[in-house]
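Visitor: Have a look; sequence and predicted model below, questions after that.
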Amino acid sequence: MAHLRSRRRLALAVPVALSLTASLGFLPAAAQAAPRAESAAQAADAENFAYLVNTRTDHRTIESVEKAIAKAGGTVVVAYDKIGVIVVHSANPAFAQQIRKVPGVQSAGASRTSPVTAAGTTDEGAVQYLSKAEAAKIAGRSTAGEEPLEADQWDLRAIGADKAAQIDPGSKKVTVAVIDVGVDDTHPDIAPNFSAAQSANCVSGKADTTYGSWRPVDADHYHGTHVAGEIAAARNGIGVAGVAPGVKVAGITVAQPDANQLFFPESVVCAFVFAADHGVEVTNNSYYVDPWQYNCMDDPDQRAIVDSVNRAQLYAQRKGTLNVAAAGNSNDDLDSNALVDASSPDDSTPVTRTVDPHRCFDVPTQLPGVVTVSATGVTAAKSYYSSYGDGVIDVAAPGGDKYKIPDTPSKNGRILSTLPNDSYGFLQGTSMATPHVAAVAALLKSTHPWATPAQLQALLKAQADNPGCPTGPYDGDGDGVVDATCVGGKRINGFYGFGIVNALRAVK
């Protein structure tokens with residue numbers, strides 16, 4: 001069984017993020033025209049590489065560049081004129097070098113290192129499915145007014161989401177889009193709040209809105225369904241409850257349909273633009289863009305990836321969308337001077353490299369304006385796997401921790417949520433913490449409908465509860481070895497950022 005790979009994030013101070021935006025020449029959006037695409041027959045095949053060509057946004061430049069693309073042996077798959085990003089397929093091995101010389105091209109490069117995906121890595125532990133016997137045991141402990149499995153949802157109580165739902169479960173006018181491996185909208189806990197009109201499949205780089213295209217291809221693609229349930233599982237007397245059970249949830253599929261489930265940049269560009277153009281208020285991003293763990297600016301291919309995805313997510317922000325992303329499951333200090341990347345490129349043969357955190361960026365988490373989330377367990381301590389870093393983490397939320405045992409029927413410290421085929425199960429990771437933050441942001445948007453993405457992020461931070469750095473050595477897995485060092489004070493620190501988000505405060 002394949003699982004979503006480990007989620008990590010590189011440190012980036014705000015001034016560096018702003019200089020990154022300026023240095024790449026990210027321009028304001030132009031006309032709000034829909035992306036132009038060629039026929040499906042012109043999609044990439046195993047002989048072609050996919051490329052990203054980033055240009056100025058005026059129509060004359062784009063038309064000129066498209067002529068040059070054809071001359072260089074490329075075929076336009078989709079052109080996002082409003083942000084100046086063109087997705088191209090070409091069998092010409094010199095395509096990128098040739099197109100970078102064309103006037104108006106600001107960056108260009110391959111979006112992968114192999115036309116066929118190869119390797120995949122794992123999330124922070126395999127999914128644990130809930131058996132019927134276990135479900136019955138949990139249901140027997142539920143109290144009046146609770147969902148049948150809510151007795152096991154310690155995470156709701158940890159951020160006051162159970163009490164918040166009694167005051168305001170969130171507005172149907174607010175949608176959180178889960179950019180992931182797919183969402184099973186037929187699940188009885190998700191169906192009542194699912195927005196098909198704001199869902200799509202972006203795997204090709206072009207949005208496919210065919211009904212059901214957003215669904216996972218099989219039960220192994222469970223990650224997005226789990227995330228969606230954490231956000232907006234309905235309080236309908238079935239299964240679990242979401243943090244914001246009154247808001248809408250959408251699914252935008254970006255993962256490749258094979259066992260490796262890789263997220264390539266052209267798919268993510270499509271997802272951000274689609275979300276923005278379809279009125280999505282919040283996106284949940286529990287992944288990094290493949291094939292590079294960190295995209296280094298001195299490499300022209302990786303620079304083009306940073307450029308294209310940043311244009312798309314900044315466009316979403318300008319349209320009113322707040323983007324929330326996971327910090328990672330490597331217990332890395334993201335405020336360090338250097339990080340070792342042994343997993344890239346993950347679509348061919350990885351090569352161990354040491355990356356400079358001031359020149360190499362984790363996408364989309366490290367992009368300007370994106371909310372970065374670390375994970376906590378039932379005791380509110382940083383989860384043993386969660387990456388951290390002073391000035392890097394914005395906020396924290398329950399993501400589960402198998403070493404911290406809650407007083408629940410299952411005694412399982414992970415997060416219980418929905419899975420495909422009407423199932424339920426436990427997962428842990430910053431991937432699970434992120435939807436808690438996205439859901440609280442949706443509650444804030446419900447109570448402050450005119451708030452901008454920047455204002456929503458400020459509210460998340462202002463209403464968070466910060467435990468402060470541990471008073472003693474941090475030993476997350478209990479093996480007697482110090483695993484991490486927290487830097488900062490009670491108000492802001494490297495483990496929790498501004499603190500653990502609070503759903504109850506969001507609705508008061």
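Guide: Everything's here; your move. Numbering: from 1, shown residues only.
Visitor: so which strand or helix has the residue lying closest to Arg215 once chain neighbours are set aside?
Guide: Closest residue to Arg215 apart from its sequence neighbours, by C-beta to C-beta, 6 or more residues apart in numbering: Gly182 at 5.4 Å. (Each C-beta comes from the backbone N, C-alpha and C, glycine too.) Using DSSP states H and E, Gly182 sits within no helix or strand.
Visitor: Check what pLDDT Gly182 gets.
Guide: On pLDDT, Gly182 comes in at 98.
Visitor: and if you look at Glu38?
Guide: pLDDT at Glu38 comes out at 40.
Visitor: Ok, Asp333 next?
Guide: On the pLDDT scale, Asp333 gets 87.
Visitor: how far away is it from Gly224?
Guide: 29 Å (C-beta to C-beta, to the nearest Å).
Visitor: Angles on the backbone of Gln128, please.
Guide: Torsion angles at Gln128 (phi, psi; degrees, to the nearest 10) stand at phi -120, psi 110.
Visitor: same deal with Ala312?
Guide: Here is the backbone geometry of Ala312 (degrees, to the nearest 10): phi -70, psi -40.
Visitor: Not counting sequence-adjacent ones, nearest residue to it?
Guide: That would be Phe272: by C-beta to C-beta, 6+ apart, it lies 3.8 Å from Ala312.
Visitor: Helix, strand or coil: sort out the one you found for me.
Guide: Under the three-state scheme (DSSP: H, G, I helix; E, B strand; the rest coil), Phe272 adopts helix.
Visitor: ok now do it, which residues does it touch?
Guide: Contact partners of Phe272, counting by C-beta atoms under 8 Å, 6 or more residues apart in numbering, are 179, 283, 309, 312-313, 315-316, 321, 323, 364.
Visitor: now do Tyr294
Guide: By C-beta under 8 Å, 6+ apart, the neighbours of Tyr294 are 10, 339, 341, 344, 355, 360-362.
Visitor: just these now: which is nearest Ser90?
Guide: Ser344 (22.6 Å; C-beta to C-beta).
Visitor: since we're on that closest one, how many residues are nearby?
Guide: When counting by other C-beta atoms under 10 Å, one arrives at 22 neighbours for Ser344.
Visitor: Just the helices from the stretch 51-200 of the chain, written as ranges.
Guide: Under the criterion DSSP state H, counting those that start in this stretch, helices of the stretch 51-200 of the chain are mapped to 59-71, 95-99, 132-139, 154-158, 161-167.
Visitor: any idea which of those helices scores lowest on pLDDT?
Guide: Among the helices of the stretch 51-200 of the chain, helix 132-139 carries the lowest mean pLDDT, at a mean of 92.
Visitor: which residues sit against that one?
Guide: Here helix 132-139 makes contact (C-beta under 8 Å, 6+ apart) with 130, 148-149, 151-152, 408-410, 424.
Visitor: Kindly recompute the last result at 10 Å.
Guide: With C-beta atoms under 10 Å, 6 or more residues apart in numbering as the contact definition, helix 132-139 has outside contacts at 128, 130-131, 146-153, 239-240, 408-410, 412, 416, 423-424, 426.
Visitor: Show me what counts as buried in it.
Guide: Buried residues in helix 132-139, counting neighbours by 16 or more other C-beta atoms under 10 Å, are found at 134-135, 138-139.
Visitor: Nearest residue to Thr408 in space, ignoring adjacent ones along the chain?
Guide: Distances taken as C-beta to C-beta, 6+ apart place Asp152 nearest to Thr408, at 4.7 Å, with adjacent residues excluded.
Visitor: Settle this for me: that neighbour is touching Val378, isn't it.
Guide: No. Using C-beta atoms under 10 Å, Asp152 is not in contact with Val378, being 11.3 Å away.
Visitor: shared neighbours, these two?
Guide: The contact sets of Asp152 and Val378 overlap at 406, 408, 412, 414 (C-beta under 10 Å, 6+ apart).
Visitor: Identify the farthest-apart pair in these.
Guide: Thr408 and Arg414 (10.6 Å).
Visitor: Ala196: neighbouring residues, count only.
Guide: 14.
Visitor: List the residues that contact it.
Guide: So Ala196 contacts 185, 209, 211-214, 250-251 (C-beta under 10 Å, 6+ apart).
Visitor: Go through the residues you listed and flag which are in strands.
Guide: Secondary structure assignment by DSSP state E places 250-251 of the contacts of Ala196 in strands.
Visitor: Could you export the contacts of Ala196 to CSV, including columns for distance to Gln198?
Guide: CSV is the format used below for those (distance: C-beta to C-beta, whole Å):
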residue, distance to Gln198
Asp185, 11
Thr209, 10
Tyr211, 13
Gly212, 14
Ser213, 13
Trp214, 10
Ala250, 4
Gly251, 9
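Visitor: nearest to Val78, of the contacts of Ala196?
Guide: Closest to Val78, out of all of the contacts of Ala196 and judged by C-beta to C-beta, is Thr209, at 13.8 Å.
Visitor: Pull the number of nearby residues for the nearest residue to that closest one once chain neighbours are set aside.
Guide: Leaving out its chain neighbours, the residue that sits closest to Thr209 by C-beta to C-beta, 6+ apart is Ala200, at 4.9 Å. Ala200 has 25 neighbouring residues, counting by other C-beta under 10 Å.
Visitor: partner residues bridging Ala200?
Guide: On the basis of DSSP bridges, Ala200 is bridged to Ile252.
Visitor: That one contacts Ala271, correct?
Guide: Yes. In this structure, Ala200 is within contact of Ala271 by C-beta under 10 Å, at 7.9 Å.
Visitor: ok, Thr408 and Arg414, which is more surrounded?
Guide: Between Thr408 and Arg414, counted using other C-beta under 10 Å, the more crowded position is Arg414 (28 against 18).
Visitor: can you put the contacts of Tyr294 in JSON lines and add secondary structure?
Guide: Output for the contacts of Tyr294, formatted as JSON lines (three-state DSSP):
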{"residue": "Leu10", "secondary structure": "coil"}
{"residue": "Leu339", "secondary structure": "strand"}
{"residue": "Asp341", "secondary structure": "strand"}
{"residue": "Ser344", "secondary structure": "coil"}
{"residue": "Val355", "secondary structure": "strand"}
{"residue": "Cys360", "secondary structure": "strand"}
{"residue": "Phe361", "secondary structure": "strand"}
{"residue": "Asp362", "secondary structure": "coil"}
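Visitor: Of those, just say which sits nearest to Val482.
Guide: Using C-beta to C-beta, Leu339 comes nearest to Val482 of these, at 19.1 Å.
Visitor: Distance-wise, check that closest one relative to Pro257.
Guide: Using C-beta to C-beta, Leu339 is found at 31 Å from Pro257.
Visitor: With neighbour numbers in mind, choose between the two.
Guide: Between Leu339 and Pro257, Leu339 has the larger neighbour count (other C-beta under 10 Å), namely 23 against 15.
Visitor: leaving aside the residues next to it on the chain, what's closest to that one?
Guide: Spatial nearest neighbour of Leu339, chain neighbours left out: Val355 (5.5 Å); criterion: C-beta to C-beta, 6+ apart.
Visitor: and Lys172, how many neighbours?
Guide: By the measure other C-beta under 10 Å, the count of residues near Lys172 is 12.
Visitor: Next one: it from Val249, what distance?
Guide: Computed as C-beta to C-beta, the Lys172 to Val249 distance reads 11 Å.
Visitor: Need the residues touching each of the two.
Guide: Common neighbours of Lys172 and Val249 (C-beta under 10 Å, 6+ apart) are 193, 195.
Visitor: In strands, which of the shared contacts of Asp152 and Val378 fall?
Guide: Among the shared contacts of Asp152 and Val378, no member falls in strands (criterion: DSSP E).
Visitor: nearest to Ala108, of those?
Guide: Using C-beta to C-beta, the shared contacts of Asp152 and Val378 come closest to Ala108 at Arg414, 42.5 Å.
Visitor: Having no further points to raise, I will conclude here.
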